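*Asks:* Below is the sequence, then the predicted model.
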Amino acid sequence: MKKIFYLLLLIFGISHAGTPQSKSEQAIEIQIKKARELGASNPEKALEILLKCNVSSKEINYKKGILDSDNSIMILYFWKGDYKKVIELSNETVKFAKELNNAEVLSDTYRLKAVSYLSLGTNYSALEELNKALEYARKISNEDSRFIQISTIYDNTAQYYENINSIKEVILYKTKSLEEAKKINENGSLVNQKYQMIAFQYMNLGTIYSEMREKEKAEQYFFESLKIYESKKYPFLPKSDEIILLSEMGKFYYSQKKYTKAIEYLERGKEAEKSISVPYTRKEIYEILFKSYLELNNTKLSKKYSDLYTSLNDSIIKSERKAANAPVKQILSEEKQKHDNNIHQILWIAGSILSALMISGWLIHKKNQKILHKKYESIILKLKNKDSSPVLDQIHMVSPEEIYTKDSSEKVKGITNDTLNTLLLKLQRFENSQKFLKKDMNLPTLAVLLNTNTRYLSEVIKQHKGKNFNNYLNGLRIHHITNMLYEKPVYREYKISHLADYCGFSSREVFAIIFKKETGVTPSYFISQLKNEHSE
């Protein structure tokens, strides 16, 4: 749900005024500037230069050089995901920032340290550092810089409360972040960052209220966000953010069963994504498009998007980082050519775009992995409980005792009590026989097998199992294979295509889609998690 953990990461520490007092200091300043220019396109080289500058600054006790290099090194380590290194470097950065009375660097150092703690799962320490970041942010002399910094800190604080599942505080701090961003001067240099933050927070609030099933509030915030992205006043707002918004709106309308409207926004997101690759969001778009077209009985388009989803999902599993970072270099190169005469503007724009792309990809991936693991844990918990079915929650397995105590309101029209009870017993035997694994099993075949007609059988399954025949049959198959994978490790070594064939599915792709629909996770993910737990 968080899309901007470190918006404007390069603003603080990019340009600290001061005239070098010696040739050595001047040489260090030049090298630091060079490293910052390289930061987005070649972070490893930039880090190498900055580490040398840091050593050189310490040799001549050049405090500003130490601070500038430390600050930039922290940012690069943060981008690399080396959060322990960020925390380790923060103490030295704080020391020199205090000596030089630099509130901007102090605030952002504490903030980066806090987000590093959050990423490492140390929530209490993160809140302490966020409070320190806020204290120094309020001392920043430049109004707009102060507003954007406080807004970003509030957004990070919302992340803290999300980690401890306190939704009331998440909404509170998202709203505070939004209000702080609105204070930024309309004619100032940070107007694009202002509206990027505002649009993001509108979208985040829309997503939160959508998950809370508060339809009107969710729709209101989504449209406020969309209004900003559609405005021609802010051409530098990252396209990737707008694509994420359109995807979220598609999911929202799908949850409302407004499939045509969901398709409208998802198709817009798909078209927009052609100009800038955002694979994680594209995968979500394909998935909801597949489901929406399926609900509208458009088999041709539902198959098209199920194939696209499966192919992209496999590609992402193989090379997540490569897929997410490929467009970044191209965008940065184009922006650098356009603005060669103004290096600070390039860094500002490139930093914002890079941050948005990396954050959106990384956060969506992190969010998805968190959700997937919870679903996986839920499946395992239910598999351990032999009295419950992990994937057939909606299918009520009726015991012999229950069959004869059914309420009259559940009776199928035209079927006597004796016939109904007999049919339910036969269904129970069918479920225990594993005949549902046969590829040719369908409603007419089962009706013949149970010595009844298709109308009676269809109605009994609908009323007493809670699903139509196809979903009932698929549920039995998926429930069976999850048990086999859990209880018999040898099944985990089989190819997905073999498991699909064993379960009676027509293809690997159909099996993967139904498995995901029934369990919430893909078969590949489920198997890999089982293997990981076994190896541990």
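*Replies:* Thanks, I have it. Keep in mind that this is a model prediction, so the values were computed, not measured. Numbers count the residues shown, from 1 in each chain.
*Asks:* use CA for all of it now, contacts and neighbours both
*Replies:* Noted.
*Asks:* Which pLDDT does the model give Glu44?
*Replies:* At Glu44, the model reports a pLDDT of 87.
*Asks:* Leu443 now?
*Replies:* 88.
*Asks:* Likewise for Ile481?
*Replies:* pLDDT for Ile481: 92.
*Asks:* Next: Ser116.
*Replies:* In this prediction, Ser116 carries a pLDDT score of 89.
*Asks:* What strand or helix carries Glu135?
*Replies:* Using DSSP states H and E, Glu135 sits within helix 123-137.
*Asks:* list the helices and strands that helix packs on?
*Replies:* Applying 3 or more CA pairs under 8 Å, 6 or more residues apart in numbering; DSSP states H and E, one finds that helix 123-137 contacts helix 103-119, helix 143-163.
*Asks:* Just want the angle from the shortest one to helix 123-137.
*Replies:* This points to helix 103-119. Helix 103-119 runs at 170 degrees relative to helix 123-137, counting by axes from the mean of the first three to the mean of the last three CA atoms, to 10 degrees.
*Asks:* Please verify my assumption that Gln201 contacts Leu178.
*Replies:* Yes: between Gln201 and Leu178 there is a contact under CA atoms under 8 Å: 6.0 Å.
*Asks:* who has more neighbours, these two?
*Replies:* Gln201 (30 against 25; other CA atoms under 10 Å).
*Asks:* OK, contacts around that one?
*Replies:* Residues near Gln201 by CA atoms under 8 Å, 6 or more residues apart in numbering: Lys174, Thr175, Ser177, Leu178, Ser225.
*Asks:* The helices and strands packed on helix 123-137 into JSON lines, with extra columns for mean neighbour count and distance to Ile514?
*Replies:* Listed next are these as JSON lines, based on neighbours: other CA atoms under 10 Å; distance: least, CA to CA, whole Å:
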{"stretch": "helix 103-119", "mean neighbour count": "26", "distance to Ile514": "33"}
{"stretch": "helix 143-163", "mean neighbour count": "24", "distance to Ile514": "31"}
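*Asks:* Out of these, flag the one nearest Ile513.
*Replies:* With CA to CA, the closest approach to Ile513 among these belongs to helix 143-163: 30.0 Å.
*Asks:* May I have the closest one as CSV, with CA atoms only?
*Replies:* Extracted C-alpha coordinates of helix 143-163, given in CSV (Å, rounded to 0.1, in the frame of the first residue of the first chain):
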residue,chain,number,x,y,z
GLU,A,143,9.2,26.2,4.0
ASP,A,144,8.7,23.9,1.0
SER,A,145,11.5,21.6,2.0
ARG,A,146,10.1,21.5,5.5
PHE,A,147,6.6,20.6,4.3
ILE,A,148,7.7,17.9,1.9
GLN,A,149,10.0,16.4,4.5
ILE,A,150,7.3,16.3,7.2
SER,A,151,4.8,14.9,4.7
THR,A,152,7.3,12.1,3.8
ILE,A,153,7.9,11.3,7.5
TYR,A,154,4.1,11.1,8.2
ASP,A,155,3.9,8.6,5.3
ASN,A,156,6.7,6.5,6.8
THR,A,157,4.9,6.7,10.1
ALA,A,158,1.8,5.3,8.5
GLN,A,159,3.9,2.4,7.3
TYR,A,160,4.9,1.7,10.9
TYR,A,161,1.3,1.5,11.9
GLU,A,162,0.5,-0.7,9.0
ASN,A,163,3.2,-3.1,10.1
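*Asks:* show me where pLDDT drops low in the stretch 151-300 of the chain?
*Replies:* Of all residues in the stretch 151-300 of the chain, none has pLDDT under 70.
*Asks:* show me the contacts for the residue nearest to Tyr259 when sequence neighbours are not counted.
*Replies:* In this structure, Tyr259 finds its nearest non-sequential neighbour in Ser292, 5.3 Å apart by CA to CA, 6 or more residues apart in numbering. By CA under 8 Å, 6+ apart, the residues touching Ser292 are Tyr254, Tyr259, Thr260, Ala262, Ile263, Ser302.
*Asks:* Write a PyMOL command that selects only the buried members of these.
*Replies:* This is how PyMOL selects the buried members of the contacts of Ser292, with burial counted by 16 or more other CA atoms under 10 Å:
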select buried, resi 254+259+260+262+263+302
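*Asks:* Give me the subset of the contacts of Ser292 lying in helices.
*Replies:* Among the contacts of Ser292, the members found in helices (DSSP state H) are Tyr254, Tyr259, Thr260, Ala262, Ile263, Ser302.
*Asks:* Can you give me every residue that contacts the fourth one?
*Replies:* Right, Ala262. Contact analysis of Ala262 by CA under 8 Å, 6+ apart lists Met249, Gly250, Lys251, Phe252, Tyr253, Tyr254, Leu289, Ser292.
*Asks:* One more: the second one?
*Replies:* Taking CA under 8 Å, 6+ apart as the criterion, Tyr259 is in contact with Tyr253, Ser292, Tyr293, Glu295, Leu296.
*Asks:* The last one - how many residues pack around it?
*Replies:* The burial count assigned to Leu296 is 11, neighbours taken as other CA under 10 Å.
*Asks:* so how far is Gln428 from the residue nearest to it when sequence neighbours are not counted?
*Replies:* Distance criterion CA to CA, 6+ apart; nearest residue to Leu296, sequence neighbours excluded, is Tyr259 at 7.3 Å. Remark: distance between Tyr259 and Gln428 (CA to CA, to the nearest Å) = 35 Å.
*Asks:* cool, Leu312 as well?
*Replies:* Computed as CA to CA, the Leu312 to Gln428 distance reads 39 Å.
*Asks:* Equivalent analysis for Pro235, please.
*Replies:* Relative to Gln428, and taking CA to CA, Pro235 is found at 62 Å.
*Asks:* which one of these two has more residues nearby?
*Replies:* The neighbour count for Pro235 versus Gln428, taken as other CA under 10 Å, is higher for Gln428 (15 against 11).
*Asks:* Roughly how far does the more buried one sit from Asp418?
*Replies:* From Gln428 over to Asp418 the distance is 15 Å, taken as CA to CA.
*Asks:* follow-up on the earlier one: distance to Glu273 for the helices and strands packed on helix 123-137 - can I get that in CSV?
*Replies:* Converted to CSV, the helices and strands packed on helix 123-137 look like this (distance: least, CA to CA, whole Å):
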stretch, distance to Glu273
helix 103-119, 28
helix 143-163, 26
